[in-house]
Each structure stands twice: as C-alpha cells, then as structure tokens.
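Colleague: I would like to see how this sequence folds:
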Amino acid sequence: MNTPAKILLPLVPSAICALILYLLASNIPVLSTWFGLVADTSPETYMISYYNKENTLHSSPDEYEDIVILDVREDMTRKDIGDLLQFVATCSPRVVGVDITFSTSHSFDQSQTEYLIHSIDQLPDAFPIVFAQVASEESAIPDAILRRRHVGVVNFLGFYDYKAQMDALPHIAVEMARLAGYNVDVIDTSSFLVNYRVKSFPACQIYSDFMNPADQAYIRQFITNKIVLIGGLTDALDTHQAPFYINNKGDLIAGTTIVAYVLSSIISATQPKALARTYTYNPYYHHYARLSWWANAIWSTLFVFIYLLVYHSINRLQKRNKWVAIFKPVWLVLTIICVLLLSMAITARCFLVPDIVFFMIMTAFVGFWYDVINMS
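Modeller: From the prediction side, this is the model:
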C-alpha cells in the first residue's frame, strides 16, 4: 500500500465511527450521561474555555457609548418609575427598553401601580419604548396599554441559545434594535451567537430623588440620542451565574447587562461592512457565528489528516526504534491542544466558532484504524 493510501484510508472508517457515536450520543438520553462532550452539539464546552481565557487576560474594553443603562435603585417606587418614563420621553433617546417586570402581587401599593399605568398610557404614541415581558407571566400593566407600545420577552435561555422570539413575541433586544432603525431581518439566527467577552456600558444610578434639576440635567445629557436600557443592576432576583469569568464580579451578571450584551451583538450583525463604525468590529462587541456543517467537516478532516501525517512518520520511526512509540499519545495530546489554541485564535480574530466536537471524537478512532489498515 502506497503512502497516500496509508494516510487517507483511515479517515473514512474513523469518520463513520465518529458520526455514529456523535448521532447516538446526541439522541439517546442514556448515552448523553456518559458522553458529555459528545452529546453537546453546541459550542458550549469550547466557548467556556474561550471566554475564561479571553475575559481573564483582556478585561478592560472601551465603553460602548451608544448603549447606556439607567440603573434603577432599590428605593425607586412604581410612582417614581412612572415619573422617570415621562421624563425620559422628553430627552429624545433613540429607543428605550424597560427591563423591569411589574408583578401583580398585592404587596405593591395599588395607587402607585395605577399611577404607573396612567404614566405609561400618557406617553407619546411615537415614543420608541419596549417593555419587558416574561413569557407566561401576568403583568400589572394591562395588555391593552402594553400592546399600544412594544413588548419584548426577557426570558433567559442560557448563554448559548439565541432566540429571536418566543411565543410569537420578539426578544426585547431584537425589538429595541428594530425600533432604533437596524434591519434585524438580516441576522442569520441559525448561526448567530452573542459575544460575551467582557463589556463596558455607561451606567447612571437612578434614585427616588432624581427629579431635582441637577440630576435631570445630567440624565438628559446622558441619554439624548442613545439606546437606553432601564433596569436594576443590583437586583439579586435578576442576576445570573455564567459558566465563565465575565466581569470584575467574577461570574455574576445582571439580566439588564445581558440584554445590553445581546443588543450590542445584534447591532454588530446588522451593520453593512462598508458603513461599519470602529467599535462594530471591535473584538469585544462583534457578534459570533457558528461555522456551517460543511465548514466544520472540512475543518475536522484537515486537522485529522495533519495528525495522521505525523502519526505515520512516528510509525515509520517506530519500526527502527521501539521506544519512539511513546510519542504517539504525546502527539495526540499536542494535536488537541494546538487545534484548541488555533480555534480560539480564529474565534478571536474572525468571530467564527468552529464545532470541535467531531474532531475530538475522530481522534479517538483514527489511530486505531490507521494501525488496523496498515497492519503487516
């Protein structure tokens, strides 16, 4: 058997075995327990490693100046929020997202709730505002009033599952981007991933005494012509734990900040390259995209082939010196490490996320099939 055949033939049975194991582990619950990485067809495991590396080494991005957060503090009542919305409507923001849900619990003062409802009802019809809604959860704000505005779901599905809509309602970040003038229809939702590298969004704390002239003047300057998120950054009930380092608080992130992360990635995905501003292609704010299945197939085959080239050379040397066999497992480990590092470099520079799961599975079979096919 000639050398090219020795190297290429093992690829076929290795790919078949890897595909069978991949499909079985992805579709049979019992196997999912035993083959964690195999069963995970998302980039989750890879992205955890990627973010832990990037967010730890590079944790000081420039501020994303177009998206600002009004951090509603604990002493704000529903009456205060009603006054805040009325004031914000006079400040000419590009769009406002209210990432606050209003429970129907009787623990809230009914007169203040009615004041808030009246304040929302009196907002100008042309005012671009989106109210957060949790799917299957009733709001104290009547549907008749909310539907006159815009509503976006805020259900958090995880750090890897992007859903443009749920129960026929758009995600709040999608609806905000649309109202701000971005063409959200150009986003390929099958490949789109939010960029969770450490980000910095300007934030202004809002207390119940914000109606004094000095604070009003500052807030007006802070939000004019900006994309504004109103929410709480210290609400323990709306704080999520990421599986990776995400900011100077470790792995904790507020729900409102997550919306800002999603929004910045959506804006990046809707920008034509010719019109893109500098921060759009900033590595901290640019969205990510999964590689297609065929690109992943080429990716996996290429690196398994490179692995086999060296494996073949080690095998030839082994015939003269038996101790050279020790380099086979060493080379396998080095190959996996090199592929991971190269993948992360490509993700950081090109914003593409390869699925390395198939490559990892093939490495479990390719050495075996090489030895079987080339057995003499």
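
Colleague: what secondary structure does Phe210 sit in?
Modeller: coil (DSSP: H, G, I helix; E, B strand; the rest coil).

Colleague: ok, it to Leu84 distance?
Modeller: Note on Phe210: its distance to Leu84, by Cβ to Cβ, to the nearest Å, is 7 Å. Just so you know, the C-beta spots here come from the backbone N, C-alpha and C atoms, and that holds for glycine as well.

Colleague: And for Glu54?
Modeller: 36 Å.

Colleague: Could you do Met375 as well?
Modeller: Separation of Met375 from Leu84 (Cβ to Cβ) stands at 76 Å.

Colleague: Comparing those two, which shows the higher neighbour count?
Modeller: Counted by other Cβ atoms under 10 Å, Met375 and Leu84 do not tie: Leu84 has more neighbours, with 21 against 6.

Colleague: wouldn't the more buried one be in contact with Leu70 here?
Modeller: Yes. Using Cβ atoms under 8 Å, Leu84 makes contact with Leu70 at a distance of 7.4 Å.

Colleague: Can you pull out the low-pLDDT segments for the stretch 1-150 of the chain?
Modeller: 1-6, 25-26, 28-43 (pLDDT under 70).

Colleague: Tell me where it has strands.
Modeller: 67-72, 95-98, 129-133, 150-153 (DSSP state E, counting those that start in this stretch).

Colleague: got the contact list for the residue nearest to Ala132 when sequence neighbours are not counted?
Modeller: Closest residue to Ala132 apart from its sequence neighbours, by Cβ to Cβ, 6 or more residues apart in numbering: Val154 at 4.3 Å. Each residue near Val154 by Cβ atoms under 8 Å, 6 or more residues apart in numbering is listed here: 99, 101, 132-134, 171-172, 255, 259.

Colleague: Would you mind giving these as JSON lines with neighbour count and distance to Gln318 added?
Modeller: Formatted as JSON lines, the contacts of Val154 follow (neighbours: other Cβ atoms under 10 Å; distance: Cβ to Cβ, whole Å):
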{"residue": "Asp99", "neighbour count": "28", "distance to Gln318": "62"}
{"residue": "Thr101", "neighbour count": "19", "distance to Gln318": "65"}
{"residue": "Ala132", "neighbour count": "25", "distance to Gln318": "63"}
{"residue": "Gln133", "neighbour count": "23", "distance to Gln318": "65"}
{"residue": "Val134", "neighbour count": "14", "distance to Gln318": "62"}
{"residue": "His171", "neighbour count": "25", "distance to Gln318": "56"}
{"residue": "Ile172", "neighbour count": "25", "distance to Gln318": "60"}
{"residue": "Gly255", "neighbour count": "20", "distance to Gln318": "57"}
{"residue": "Val259", "neighbour count": "24", "distance to Gln318": "57"}
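
Colleague: right, and the pair among those with maximum separation?
Modeller: Maximum pairwise distance in these, criterion Cβ to Cβ, is 14.5 Å, between Thr101 and His171.

Colleague: what about Pro128, distance to Gln86?
Modeller: Distance, Pro128 to Gln86, by Cβ to Cβ: 15 Å.

Colleague: same question, Phe159
Modeller: Here the distance between Phe159 and Gln86 works out to 35 Å (Cβ to Cβ).

Colleague: Who has more neighbours out of these two?
Modeller: A direct count of neighbours by other Cβ under 10 Å for Phe159 and Gln86 places Phe159 higher, at 21 against 16.

Colleague: Before we move on, what's the pLDDT of Ser376?
Modeller: At Ser376 the predicted local confidence, pLDDT, stands at 54.

Colleague: cool, Ser190 as well?
Modeller: 86.

Colleague: burial count for it?
Modeller: When neighbours are defined as other Cβ under 10 Å, Ser190 has 9 of them.

Colleague: do Asn374 as well
Modeller: If you count neighbours by other Cβ under 10 Å, Asn374 ends up with 15.

Colleague: hang on, isn't it packed against Tyr311?
Modeller: No. With contacts counted by Cβ under 8 Å, Asn374 stays clear of Tyr311, the gap being 10.2 Å.

Colleague: In which helix or strand does Thr256 reside?
Modeller: Using DSSP states H and E, the element containing Thr256 is helix 255-269.

Colleague: Now find how far off-centre that helix is within its chain.
Modeller: From the chain centre to the centre of helix 255-269 is a distance of 8 Å (Cα atoms, centre = their mean, to the nearest Å).

Colleague: Mind giving me the packing neighbours of it?
Modeller: strand 67-72, helix 172-179, strand 192-193, strand 227-231, strand 239-241 (3 or more Cβ pairs under 8 Å, 6 or more residues apart in numbering; DSSP states H and E).

Colleague: Out of these, which is closest to Gly367?
Modeller: Comparing these against Gly367 with Cβ to Cβ, the closest turns out to be strand 192-193 (32.4 Å).

Colleague: going on from the closest one, what's the next piece of helix or strand?
Modeller: Remark: after strand 192-193, the chain's next helix or strand is strand 203-206, criterion DSSP H and E.

Colleague: Against which helices or strands is that following strand packed?
Modeller: Checked by 3+ Cβ pairs under 8 Å, 6+ apart, strand 203-206 has strand 67-72, helix 213-223 packed alongside it.
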